[in-house]
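Peer 1: Sequence plus predicted model, see below.
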Amino acid sequence: MVEDAETTAEAVEGVTTAEAVEGVTTAEAVEGVTTAEAVEGVTTAEAVEDEMTAEAAAGAMTAEAAAGAMTAEAVEDEMTAEAAAGAMTAEAVEGATIAVAAAGVTATRMGCRTTRSILCPA
């Protein structure tokens, strides 16, 4: 009877040990799942961070492109203004030349009235 009790106790202890081992295994499995979830979370966070970095870089490039376009427009406007100023200067010079020529003709005609010269028309 004592032997049966010992055997029963050993059997119960064996079951308890098995349950304990199973509990450890379950805990390890849960820990493994938790670790996997944590790793996945970190990976997701890194992916989001990378995407945000890419978006920021794209935004910076867009801003640079816009600034470049504005600079190009400013240069073009400045060149247009310089061309217009050059055209106005050319017109002014041409106008002045015509005025000087006209004044010369007038002076010559007036001189011919008062004097006789080979430059004067007959």
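Peer 2: Now that the structure is in, tell me what you want to look at. Residues are numbered from 1 along each chain as shown.
Peer 1: can you tell me the average pLDDT over the strand or helix carrying residue 20?
Peer 2: Using DSSP states H and E, residue 20 sits in helix 2-114. For helix 2-114, mean pLDDT is 84.
Peer 1: so how far is it off the chain centroid?
Peer 2: What separates the centre of helix 2-114 from the centre of its chain is 5 Å, taken as CA atoms, centre = their mean, to the nearest Å.
Peer 1: packing partners for that helix?
Peer 2: Applying 3 or more CB pairs under 8 Å, 6 or more residues apart in numbering; DSSP states H and E, we find helix 2-114 packed against no helix or strand. Placement of C-beta: from N, CA and C, glycine included.
Peer 1: when you give positions from now on, start the count at 14
Peer 2: Okay, using 14 as the starting number, the last item reads as helix 15-127.
Peer 1: And the residue nearest the centre of this protein?
Peer 2: Taking CA atoms, centre = their mean, the centroid of the chain lies closest to residue 74, which sits 1.7 Å from it.
Peer 1: Please tell me how far that residue sits from residue 49.
Peer 2: Look at residue 74 and residue 49: by CB to CB, to the nearest Å, they are 37 Å apart.
Peer 1: Also residue 88?
Peer 2: 58 Å.
Peer 1: Could you do residue 89 as well?
Peer 2: Taking CB to CB, one finds residue 89 at 59 Å from residue 49.
Peer 1: Could you do residue 97 as well?
Peer 2: When distance is defined by CB to CB, residue 97 is 71 Å away from residue 49.
Peer 1: what do you get for residue 62?
Peer 2: Residue 62 is 20 Å from residue 49, where distance means CB to CB.
Peer 1: Kindly report the same for residue 113.
Peer 2: Residue 113 is 94 Å from residue 49, by CB to CB.
Peer 1: got the buried residues for stretch 53-61?
Peer 2: Residues of stretch 53-61 classed as buried: none (neighbour count, 16 or more other CB atoms under 10 Å).
Peer 1: Extract the CA atoms of that stretch and return them as CSV.
Peer 2: Coordinates of each C-alpha in stretch 53-61 appear next as CSV, following Å, rounded to 0.1, in the frame of the first residue of the first chain:
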residue,chain,number,x,y,z
GLU,A,53,7.6,43.7,-36.2
GLY,A,54,6.7,47.0,-34.4
VAL,A,55,10.3,48.2,-34.7
THR,A,56,10.4,47.3,-38.4
THR,A,57,7.1,49.1,-39.0
ALA,A,58,8.3,52.1,-37.1
GLU,A,59,11.5,52.1,-39.2
ALA,A,60,9.4,51.8,-42.4
VAL,A,61,7.2,54.7,-41.4
